[in-house]
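*Asks:* Predicted model and sequence follow; I will ask about them next.
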Amino acid sequence: MDPKRDAHEIELLERCLCRLEQGADLETCLREVPEAIPLRPLLETALWLQRGQEVALSPAARRRLIRQGQLRAARRAAAPQASRPALRWAWALVAALGLILVLLSAVGAAEASLPGEPLYPVKRAVEGLVTLGMSPEERALYLAERRWSEFEASAARGRWLPDLAEESLARLEEAARLGAEGPAGPAARLRALYERQGVLLEETAAVAPPDVRSALTRARQRWAGLAPVLGWPEGGIPEPTRAVETPVLPEPTAEILRERTHTPPGLEKRETPSAPRTPPGQEKTPPGQEKKETPRPVRTPPGQEKKDTPGPPRGQDSAPPGDQGPKGPPGRQR
Amino acid sequence: MGLLTPHPEERRWIARARKGDPEAIAALYQHYADGVYRYLLYRVGDAELAEDLTADVFLKMIEDLPRYEERGLPFGAWLFRIARARLIDHWRRQGRRPLVALEDTETGPQLETGPQLSQDIPEDEIAVSEMIQQALRVLTEEQREVVVLRFLVGMSLEEVARAMGKSVGAVKALQHRALSALARYLEKVR
């Protein structure tokens, strides 16, 4: 078979078929295109096949089919009127619920976010909305607590964010100045937060890497200077009404230890994993017994580890070390 | 009249048929039913079955009519697409093809049910139809589809190519081979 000849034949056949479709008879077509004479049997076959177009549905079958279709169309025209709008509303409702669910999930996830994380701006935006209806002192205290919680959470992960500590202290001061130190609920919250700050600032100032240590030391100094602002005498604050929990700082994993290359020698030994930290204010054992039974290293109360460092204003500098619990909060030291 | 030849009133019929107008529905049936029936008859080789399938195609058309405009196809082409899908669905459910090409079997041609035509179709039509169905069995599946669409349904070369998802050149070649095979067959049986 010659492909070129085949292609030529195919084209000739199509040309003649088109002429036949236009109404020309076979003889006329072959006269017009003499080269197509060898294709006569094929053209005759095509004409014979076209006789098959005469086949049609019988009139009875056609009537039956039309009746069927009309019935179906009538049923369809009656039924969907009621169901379609309902369906549309149902879809809209599902879409709205889905959207609300997504938004709630995003807000929920943002609640646990920390600075530098993608959802943190969402958290701050939601905060702005939540505090709209609060009084100024309540708002300041609320924000101070939240920033401090973030500082604690990031410190527990080995991230030191002095800006959060500073912001929390500034908010605390603002709350105190606006009068949140009254006898009602805010006063207790104010004191609890102040104690939490003191405990953690002391600890982080010791274990934080050198690049943030000075910022944390400044924050601790600021914290110490806040006692008079809060209406408490310099060097001491009233007995707390409830126990204060200190977040557990991360155990010194290899990664954290690498970050703390400049940590003063011996510090990791004090914070050995075998000596879990008891949250300050929760010690129930009398101080005397604890000393005999617990071989853990005793943490130096704030202000005593270095004589030249300004300590919290509680007057603990004059108290003998044995009188204090191993990790008592600054507020408990008398 | 070809399956894809639109009627000047077609758009109005479609709009009214969507609202369930019985006259518009009857008009659409009158214009397109024969083309769809013919296509199905020559593909399944059984008049009763072709009638049932034609009924299914038009019921599906009524169901899908509200969505038709979005597809941007000529109405006839859209209807033909439904017919083709319905046919494939039928074959799938049967688990076999109704016609087996002569060259594909050792035992000779076999029909699913043998050529059958309705009692109320004229005899000469039955004779032609039966002969054509018999002859179509010498073709391959693709050749048969081209012949049915082009010469029995009355589609243009371009319409056949679009319906089969092939190039015009490929359809021309298939058409040439099919007509050659049929001419040889007819010479033998005459």
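*Replies:* That came in fine, so what should we check first?

*Asks:* Number of residues surrounding the nearest residue to B:E187 once chain neighbours are set aside?
*Replies:* The shortest distance from B:E187 to any residue other than its chain neighbours is 7.0 Å, reached at A:P41 (C-beta to C-beta, 6 or more residues apart in numbering or on different chains). From N, CA and C alone the C-beta is placed, and that goes for glycine too. Other residues lying near A:P41 total 15 when counted by other C-beta atoms under 10 Å in any protein chain shown.

*Asks:* Could you do B:G45 as well?
*Replies:* When neighbours are defined as other C-beta under 10 Å, B:G45 has 24 of them.

*Asks:* mind checking the backbone torsions on it?
*Replies:* phi 70, psi 20 (degrees, to the nearest 10).

*Asks:* before we move on, which element is residue 40 in?
*Replies:* Going with chain A. In this assignment (DSSP states H and E), A:R40 forms part of helix A:40-50.

*Asks:* could you do chain B instead?
*Replies:* Assessed by DSSP H and E, B:L40 sits inside helix B:22-44.

*Asks:* Which elements pack onto that helix?
*Replies:* On a contact count with 3 or more C-beta pairs under 8 Å, 6 or more residues apart in numbering or on different chains; DSSP states H and E, helix B:22-44 meets helix A:59-111, helix B:10-18, helix B:47-64, helix B:75-94, helix B:123-136.

*Asks:* mind running it again at 6 Å?
*Replies:* Secondary structure elements in contact with helix B:22-44, counted by 3 or more C-beta pairs under 6 Å, 6 or more residues apart in numbering or on different chains; DSSP states H and E, are helix A:59-111, helix B:10-18, helix B:47-64, helix B:75-94.

*Asks:* Also compute the angle for the second one relative to helix B:22-44, please.
*Replies:* Between helix B:10-18 and helix B:22-44, the angle comes out at 100 degrees (axes from the mean of the first three to the mean of the last three C-alpha atoms, to 10 degrees).

*Asks:* mean confidence score for helix B:10-18?
*Replies:* Per-region confidence: helix B:10-18 scores 89 on mean pLDDT.

*Asks:* With chain A in mind, check whether it reaches it.
*Replies:* No. Helix B:10-18 does not reach chain A (C-beta under 6 Å from any C-beta of the partner chain); its nearest approach is 6.6 Å.

*Asks:* what residues does that helix touch?
*Replies:* Outside helix B:10-18, the residues that touch it by C-beta atoms under 6 Å, 6 or more residues apart in numbering or on different chains are B:24-25, B:27-28, B:65-66, B:75.

*Asks:* same thing but 7 Å
*Replies:* A:73, B:24-25, B:27-28, B:65-66, B:68, B:75 (C-beta atoms under 7 Å, 6 or more residues apart in numbering or on different chains).

*Asks:* circling back to that earlier point, contacting residues around the helix holding B:L40?
*Replies:* A:52-53, A:55-57, A:62, A:65-66, A:69-70, A:73, B:2-3, B:7, B:9, B:13, B:16-17, B:47, B:50-51, B:53-54, B:57-58, B:76, B:79, B:83, B:87, B:98, B:132-133, B:136, B:148, B:152-153.

*Asks:* And it, how far out from the chain middle?
*Replies:* Between the centre of helix B:22-44 and the centre of its host chain there is 10 Å, according to C-alpha atoms, centre = their mean, to the nearest Å.

*Asks:* Quick one: work out the angle between that helix and helix B:75-94.
*Replies:* Using the same axes, to 10 degrees, helix B:22-44 lies at 50 degrees relative to helix B:75-94.

*Asks:* Mean confidence (pLDDT) on helix B:22-44, please.
*Replies:* The model assigns helix B:22-44 a mean pLDDT of 93.

*Asks:* now it and helix B:47-64, what's the angle there?
*Replies:* Computed by the same axes, to 10 degrees, the angle between helix B:22-44 and helix B:47-64 is 130 degrees.

*Asks:* which stretches of the chain have low pLDDT?
*Replies:* Going with chain A. Residues of chain A meeting the criterion pLDDT under 70: A:1-2, A:80-85, A:180-185, A:232-334.

*Asks:* The chain in question should be chain B.
*Replies:* Across chain B, the ranges flagged by pLDDT under 70 are B:1-3, B:70-72, B:96-126.

*Asks:* Residue of chain B nearest chain A, please.
*Replies:* Sorted by distance to chain A under C-beta to the nearest C-beta, the residues of chain B start with B:G20, at 3.0 Å.

*Asks:* what about A:I100, neighbour count?
*Replies:* A:I100: 10 surrounding residues under other C-beta under 10 Å.

*Asks:* So it versus A:R124, what's the distance?
*Replies:* Counting by C-beta to C-beta, to the nearest Å, the gap between A:I100 and A:R124 amounts to 21 Å.

*Asks:* can you check A:E9 too?
*Replies:* 79 Å.

*Asks:* Neighbour count: the two, which is higher?
*Replies:* For A:E9 versus A:R124, the count of surrounding residues by other C-beta under 10 Å is larger for A:E9: 18 against 14.

*Asks:* give me the element that one is part of.
*Replies:* Assigning secondary structure by DSSP H and E places A:E9 in helix A:3-21.

*Asks:* In terms of secondary structure, what does that helix contact?
*Replies:* Applying 3 or more C-beta pairs under 7 Å, 6 or more residues apart in numbering or on different chains; DSSP states H and E, one finds that helix A:3-21 contacts helix A:26-32, helix A:40-50, helix B:168-189.

*Asks:* Looking at the ones you listed, which is nearest to A:S154?
*Replies:* With distances scored as C-beta to C-beta, the stretch of those nearest to A:S154 is helix B:168-189 (68.2 Å).

*Asks:* contacts for the helix holding A:E9?
*Replies:* When contacts are defined by C-beta under 7 Å, 6+ apart, helix A:3-21 is touched by residues A:26, A:29, A:32-33, A:35-36, A:39, A:42-43, A:46-47, B:157, B:172-173, B:176.

*Asks:* Check the residues you listed and tell me the two furthest apart.
*Replies:* Taking every pair in the contacts of helix A:3-21 and measuring C-beta to C-beta, the maximum separation is 23.3 Å, between A:E32 and B:A173.

*Asks:* Those two - which one has more neighbours?
*Replies:* B:A173 (16 against 12).

*Asks:* tally of neighbours for the nearest residue in space to the more buried one that is not next to it in sequence?
*Replies:* Once its chain neighbours are removed from consideration, B:A173 has its nearest residue in A:I10; the separation is 5.8 Å (C-beta to C-beta, 6+ apart). Using other C-beta under 10 Å, the number of residues around A:I10 comes to 18.

*Asks:* Noted, bye for now.
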